[in-house]
Each structure stands twice: as C-alpha cells, then as structure tokens.
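Enquirer: Compute the structure for the input listed below.
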Amino acid sequence: MAKLVDVAKEAGVSISIVSRILNEDPTLRVAEETRARVFEVAKRLRYQPNHAARALRLSKNSAIALLTPDYANSIFSEIAQGVEEQARLLDLSVLINRASEVEDADTWLRRIVAERRADGILLQAPDGITKEGLAKLTSGTLPIVLINSRDDSETSHIIFDDSGAVELALEHLFSLGHKKIGFLGGELSSPTGGRRFAGFVSGMNRKKLEINSDWVTRIGYTGVDGRQAVSQILSQPNRPTALIVANANAALGALAEIHTLGLRVPEDISLVSIHDIWFADATWPPITAVKMPNYEMGKVAIGMLLRQMETGAIEKNVLTDPSNQLIVRSSTAKPPIG
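Expert: Modelled structure (predicted):
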C-alpha cells in the first residue's frame, strides 16, 4: 500500500503539504494545480489518508448520510458533488435524502441511527431552524457535521463567508458609482439570510451610505419570493439604482419581475446575485454573481466528518476569501443619470 511519502515524492511536494491537502485543511493556501496533482497521484497510487483508514476500520458500513432540505436545488447539487467525489476517493458510500421540515429530518436521522446504516452524517438543516430544533436533530449517537446552516451550534459545522460575499457584491456596485442600493434577503429566521444581511449593513455603513428600509426585504430565497420582493421595492416612488439578491433562485425571480414591470437591466437598475450557478449565465441579461465555494464545502465537510469519527474533534470552519469570487456579467453597469 502506498504511503504518504510516496505521494509526496510523486507529486513533487512536501509530506506536510500532501497531508494538509488530503485532510482538506481549510487554512491551507496552495495553487489549485498543486492540489489537483496531489489528489490525482493519491488516487493513482491508491493512497488512503490515515485518519480515513482508522475511521473506516472502526466503522461498520463504510457509508455516510447526507441530508438536505431540497436536493433539486442547484446550490445543494454542487455541495453534494463535492461530497460524493471525495467519498468515492475514500471508498465511502453516500446515502442522500431530502427533508424540508424539522420533523421529517428528525425521523429520517433517527432511523439511520437505529438501523445502523451509516457511520456519520452531513446535515444541511432546514432553513430557519431554531437553535433548539437543531439541538434536537443533532442529539443522536453518530458523528455529525452541519453544513451551510447555523453557526452558533456546538456541533461541528462549516459555513460560507456569507457576510463577505455581500460585501464583495457591494464593492462592485460602489466601483460603478451606485449609492442607492436595495437588498433582497432570506427570511428573518434564516441563518444564512441573517449573515448576508449583516454583510449588507456593514458594507453600507463602511461607506457611510443610508440604508433605505423601503429597499430592504426579508421574504425568502425562492423565485416567487424574488418576484414579490422586487414588486414591493419598485412600487416605491423613489427607487434604488441597484439590487443585491441574497440567493440565486430569488435572483431569477427578481430579474423576471423587473422585466414584467417594463424596466431594463442594467440600464434602469443593476442586479447582483449571491451564488453563481448555471442559469446565471443563461438569463438575459446574464447575471453578475458572487460565486460561493459549494463544491469545496462538500469536500471539506467529508474531511471534518472523518476526523470526528476518528478523534471526536469538533471543528467550526468558515470558507473565507479568496473562496468567494465576483463573476461580472451584463446585469450591472453605472447608475442611470438623473
């Protein structure tokens, strides 16, 4: 069986770098070419990281469970791809299920535990779940990592830099000359929505710009929510020159409603989305977006879960900059004159 030193020699990097890459160390800054080369060599030599080997020797199923509120969502599908590809490298199976309500999630998780079908759980909790509801979901006996949800749990968890993503979108609009900016956010109970709204407030305050409450909504992340938010904001006599939409699905609805109202993007109003997924480049105009590291979250979460299986370690990670990337397309321009 190949050893760590064999992978390092073949990849042309140090043993410590190989170890940190294969263990998905979120603090490591290394070129993507180097990272890809290490994974390719490890796969070709059939090297298995020590923590995974020890964890799997202790396990009974060589399987993990992945639970999400909505696996038809494009954002989750990218997270799941990262989970599945990393699991395949480690010879792990992945059981995926959907539960949009806390009660459904609780029932499925407890069945997984009772039937001993998995050795650990990756959980994307239903949006808007309370701290008490989350404690109920994570009170089982299996190792568990919470992904893209609350960041105030004692459970291992990993989140995006939601606040930083919105501030990146704001900086782009500031650079174009926008000062009258609206925000279409998630529900008031949404953890990601709260972090993204905090980024909006922080960014506007840093520039000493007024936040007009008539231009801020906290309705939700669906396309219908985006339409409703735009209708509410643009019904005001004084309109913003740009909108930041805190979710890609809502951004699609927002763009459609702007067209329905007879306005032009970006000539009349600019639009930026948080999350960049395939349809952002397939709309008219294509939507400027902040790309979040969905795929990378799935990969890092697997490493966190295996380390917890091995040592019981509780980790709290934020995928920080430069993970968030601004993808500039045609939906943003300088504000209209007048």
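Enquirer: was I right about Ser19 contacting Leu4?
Expert: Yes. With contact defined as Cβ atoms under 8 Å, Ser19 counts as touching Leu4 (6.2 Å). Every C-beta, even on glycine, is put in place using the N, C-alpha and C of the backbone.
Enquirer: Any idea how far apart the tips of stretch 317-331 sit?
Expert: 32 Å (Cα to Cα, to the nearest Å).
Enquirer: Also stretch 240-249?
Expert: End-to-end distance (Cα to Cα), stretch 240-249: 21 Å.
Enquirer: Okay, buried residues for it please.
Expert: For stretch 240-249, the buried set under the neighbour-count rule, 16 or more other Cβ atoms under 10 Å, comprises Pro240, Thr241, Ala242, Leu243, Ile244, Val245, Ala246, Asn247, Ala248, Asn249.
Enquirer: And those residues, which is closest to Phe279?
Expert: Checking these against Phe279 by Cβ to Cβ gives Ala248 as the nearest, at 7.6 Å.
Enquirer: Can you give me the distance of that closest one to Ala242?
Expert: Ala248 sits at a distance of 17 Å from Ala242 (criterion: Cβ to Cβ, to the nearest Å).
Enquirer: just the helices in the chain please.
Expert: All helices of the chain, identified by DSSP state H, fall at 4-11, 15-22, 32-45, 50-58, 74-89, 102-115, 131-137, 162-176, 191-206, 223-234, 248-260, 294-311.
Enquirer: Need the mean per-residue confidence for the shortest one.
Expert: Computed over helix 131-137, the mean pLDDT rounds to 78.
Enquirer: Now do that helix: which elements does it pack against?
Expert: helix 102-115 (3 or more Cβ pairs under 8 Å, 6 or more residues apart in numbering; DSSP states H and E).
Enquirer: The second one too?
Expert: Packed against helix 15-22, as judged by 3+ Cβ pairs under 8 Å, 6+ apart, are the following elements: helix 4-11, helix 32-45.
Enquirer: nearest to Met304, of the ones you listed?
Expert: Per Cβ to Cβ, nearest to Met304 of the helices and strands packed on helix 15-22: helix 32-45, 17.3 Å.
Enquirer: Packing partners of the closest one?
Expert: helix 4-11, helix 15-22, helix 74-89.
Enquirer: which stretch among those comes nearest Arg195?
Expert: For Arg195, the closest of the helices and strands packed on helix 32-45 is helix 74-89, at 15.1 Å, according to Cβ to Cβ.
Enquirer: what angle do that closest one and helix 32-45 make?
Expert: Put simply, helix 74-89 runs at 40 degrees to helix 32-45, going by axes from the mean of the first three to the mean of the last three Cα atoms, to 10 degrees.
Enquirer: Would you indicate which residues of helix 74-89 are buried?
Expert: Buried, per 16+ other Cβ under 10 Å, within helix 74-89: Ile75, Phe76, Ser77, Glu78, Ile79, Ala80, Gly82, Val83, Glu84, Gln86, Ala87, Leu89.
Enquirer: now swap in stretch 263-275 and tell me
Expert: Neighbour-count burial for stretch 263-275 [16+ other Cβ under 10 Å]: Val265, Pro266, Ile269, Ser270, Leu271, Val272, Ser273, Ile274, His275.
Enquirer: So which of the residues you listed are in strands?
Expert: Ser270, Leu271, Val272, Ser273, Ile274 (DSSP state E).
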